[in-house]
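S.K.: Structure here, sequence nowhere to be found:
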């Protein structure tokens, strides 16, 4: 059985305050990802990779079509269904770290585990373990990531996405602002996730990273909306 | 999940003017619902009507399976004293300014039936600490506190009875940004620890993004859009929400 199944998926943005301009981004997109497989979304910038990834995360609404994640239909699903899916099955490493200021990096990473009812000590220990693997200096663990550099924030974000063994993982340029050493750590985390059976879908601008972890590339540009005939 | 609070078709009229109309949502334990909209959008009227401060003209309001509109007054008041908490925008409206900090927290415990002075004082001191007020200031009056401290004291007073439902009206309004962050962090922790269900009414998009699981956007007394908070803010569907989101000034 596939972990993620996308079919007939379309997305258009309607800008109501700009003369109801309709901007089509994707049309009739399809994608199937099996457990243990890593698929890269390819295509030039503006081709809709991020839009597709965000729809898979439930962050953008689909205009039409179907997205099934582990059998659950996302399109038209009530918010609670998507929230429940995100809690324990659908992990997402975005490019943005949005956190309550003042919360220490350690707790930001432990947060998804606490939401799953994990004991606070264990959640923090697992968070620290991951932050150590990602070479985030220990003196930063008790500080809020809002003051961190781009690369440090990204590692906090990656740690947060890998702290729980989500069976489906969405990654938006997880190695973008990392040096070689840390890029290797992130790629081994992805490999480990694949070998435990996680389905991974990601955007990787870094060719070396993509070649190492991805089994295939889906060209999102193929799903660009066609001008009306 | 069984909802704790179920609201449908809630309508409040002020004479011929509409306060809020046909508002509906439900809320389960551990969920935070954010409500945004500009002043006059009906969000506060909706909240005050749920709290029982304003009688609705129509609609259904059920709490834990019971009809709030037909519930006997003493019972509804008992609910408000123990099971529910209301956090006002102005701490002065939720505090008794002539009573000590400890007294403010203890008073709500006593309203819930606590009688042992030592226990009440110890619980009050514990709660002051939880909201980051030095317990040594237990005998000071709120008037001697800063605005942020007053707001945290109001939250201690509201939550000391371990309510199941918390209704907040602009809880971070009028506070410095640094104090707001502290308060948000505190509220998030308490929601998780205590499994609270909460409604947060605010005009501050940043507050709901960090605090609310789901978001409801109101305009002219009506709900124009609802959904997961990040989805509504990142991919708003309604013209008004698009305007609201695009008008936020980036820090």
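M.R.: Everything's here; your move. Everything numeric in this text was worked out from a predicted model, so none of it was measured. Numbering: from 1, shown residues only, chains lettered A, B, ... in the order given.
S.K.: Report the contact partners of residue 226.
M.R.: Reading this off chain A. Contacts for residue A:226 were tallied using Cβ atoms under 8 Å, 6 or more residues apart in numbering or on different chains; they are residue A:27. Using the backbone N, CA and C atoms, a C-beta is placed for each residue, glycine as well.
S.K.: my bad, chain B
M.R.: Residue B:226 sits next to A:79, B:25, B:214-217, B:232 when contact means Cβ under 8 Å, 6+ apart.
S.K.: So which of the residues you listed wins on neighbours?
M.R.: Using other Cβ atoms under 10 Å in any protein chain shown as the neighbour test, the contacts of residue B:226 are led by residue B:232, with 28 neighbours.
S.K.: right, is the host helix or strand of that residue up against chain A?
M.R.: Taking DSSP states H and E as the criterion, residue B:232 maps to helix B:229-234. Yes - Helix B:229-234 is in contact with chain A by Cβ under 8 Å from any Cβ of the partner chain, via B:230-231, B:234.
S.K.: helices and strands around that helix, which ones?
M.R.: Applying 3 or more Cβ pairs under 8 Å, 6 or more residues apart in numbering or on different chains; DSSP states H and E, we find helix B:229-234 packed against helix B:205-211, strand B:214-219.
S.K.: again, only using 10 Å
M.R.: Here helix B:229-234 touches helix A:49-56, helix A:79-88, strand B:32-36, helix B:205-211, strand B:214-219, strand B:222-228, helix B:239-246, going by 3 or more Cβ pairs under 10 Å, 6 or more residues apart in numbering or on different chains; DSSP states H and E.
S.K.: Could you tell me what pLDDT the model assigned to the residue in chain A that chain B sits nearest to?
M.R.: Here the residue of chain A nearest chain B is residue A:16; by Cβ to the nearest Cβ that distance is 3.0 Å. Residue A:16 carries a pLDDT value of 92.
S.K.: how about the nearest residue to it once chain neighbours are set aside, what does it touch?
M.R.: Nearest residue to residue A:16, sequence neighbours excluded (Cβ to Cβ, 6 or more residues apart in numbering or on different chains): residue B:239, at 3.0 Å. By Cβ atoms under 10 Å, 6 or more residues apart in numbering or on different chains, the contact set of residue B:239 is A:14-18, A:20, B:219, B:224-225.
S.K.: Go through the residues you listed and say which is closest to residue B:30.
M.R.: Nearest to residue B:30, judged by Cβ to Cβ, of those is residue B:225 at 23.0 Å.
S.K.: Dig out what the closest one forms beta bridges with.
M.R.: residue B:217 (DSSP bridges).
S.K.: Let me know the average pLDDT across the helix holding residue B:232.
M.R.: Looking at helix B:229-234 alone, the average pLDDT works out to 96.
S.K.: Other residues contacting that helix?
M.R.: A:54-55, A:57-61, A:79, A:82-83, A:86, A:94, A:96, A:98, B:32-34, B:36, B:205-206, B:208-217, B:225-228, B:237-238, B:241, B:244-245, B:248.
S.K.: go again using 8 Å as the cut-off
M.R.: Against helix B:229-234 from outside (Cβ under 8 Å, 6+ apart): A:54, A:58-61, A:79, A:82, B:34, B:205, B:208-209, B:212-215, B:217, B:225-226, B:241, B:245.
S.K.: Give me the buried subset of the residues you listed.
M.R.: Listed as buried from the contacts of helix B:229-234 are A:54, A:58-61, A:79, A:82, B:34, B:205, B:208-209, B:212-215, B:217, B:225-226, B:241, B:245; burial here means 16 or more other Cβ atoms under 10 Å in any protein chain shown.
S.K.: Now the phi/psi pair for residue 25, please.
M.R.: Defaulting to chain A. Main-chain dihedrals, residue A:25, degrees, to the nearest 10: phi -120, psi -50.
S.K.: Chain B, not that one
M.R.: According to degrees, to the nearest 10, residue B:25 has phi -170, psi 170.
S.K.: what residues does the stretch 101-250 of chain B put near chain A?
M.R.: Residues of the stretch 101-250 of chain B lying near chain A (Cβ under 8 Å from any Cβ): B:178, B:181-182, B:184-185, B:188, B:192, B:209-210, B:213-214, B:226-228, B:230-231, B:234-235, B:237-239, B:242-243, B:246.
S.K.: circling back to that earlier point, what subset of the contacts of residue B:239 is buried?
M.R.: Among the contacts of residue B:239, the ones that count as buried (16+ other Cβ under 10 Å) are B:219, B:224-225.
S.K.: Could you provide these in CSV, with additional columns for pLDDT?
M.R.: What follows is the buried ones among the contacts of residue B:239, written out as CSV (pLDDT from 0 to 100):
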residue, pLDDT
B:219, 96
B:224, 97
B:225, 97
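S.K.: can you tell me which residues contact residue A:156?
M.R.: Per Cβ under 8 Å, 6+ apart, neighbours of residue A:156: A:97, A:105, A:108-109, A:131, A:136, A:145, A:148.
S.K.: Many thanks, we can stop here.
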